[in-house]
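Visitor: The sequence and its predicted three-dimensional model are supplied below.
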Amino acid sequence: MPETNLHSKGRKAHLKATLKEHLQNLRILKRKENISDQERSEQLRKLKVNYKVKRKDSNGNLY
């Protein structure tokens, strides 16, 4: 089996785990009742930005 297949499988597993963690954070944030709508939307925006930053190709470019 070529190394590229192993690498892409590992990358796919990593992205799946990252996405799962991201979605879990979103669910937790949506369940919190003691924060204001403005604070919630700001935290959601931060989560989205953080998730986008984690997705880089081999050259370090965002995609």
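Guide: Cool, got the structure.

Visitor: Near Ser41, how many other residues are there?
Guide: For Ser41, the count of nearby residues is 12 (other CB atoms under 10 Å). Yep, even glycine has a C-beta here, placed from its N, CA and C like the rest.

Visitor: and it, that's in a helix?
Guide: Yes: assessed by DSSP: H, G, I helix; E, B strand; the rest coil, Ser41 belongs to a helix.

Visitor: And it, what's its pLDDT?
Guide: Per-residue confidence (pLDDT) for Ser41: 79.

Visitor: Same question for Leu44.
Guide: 76.

Visitor: Can you tell me the closest non-neighbouring residue to it?
Guide: Leu29 (6.3 Å; CB to CB, 6 or more residues apart in numbering).

Visitor: Is it correct that the one you found is in contact with Ser41?
Guide: No: applying CB atoms under 8 Å, one finds Leu29 not in contact with Ser41, separated by 10.0 Å.
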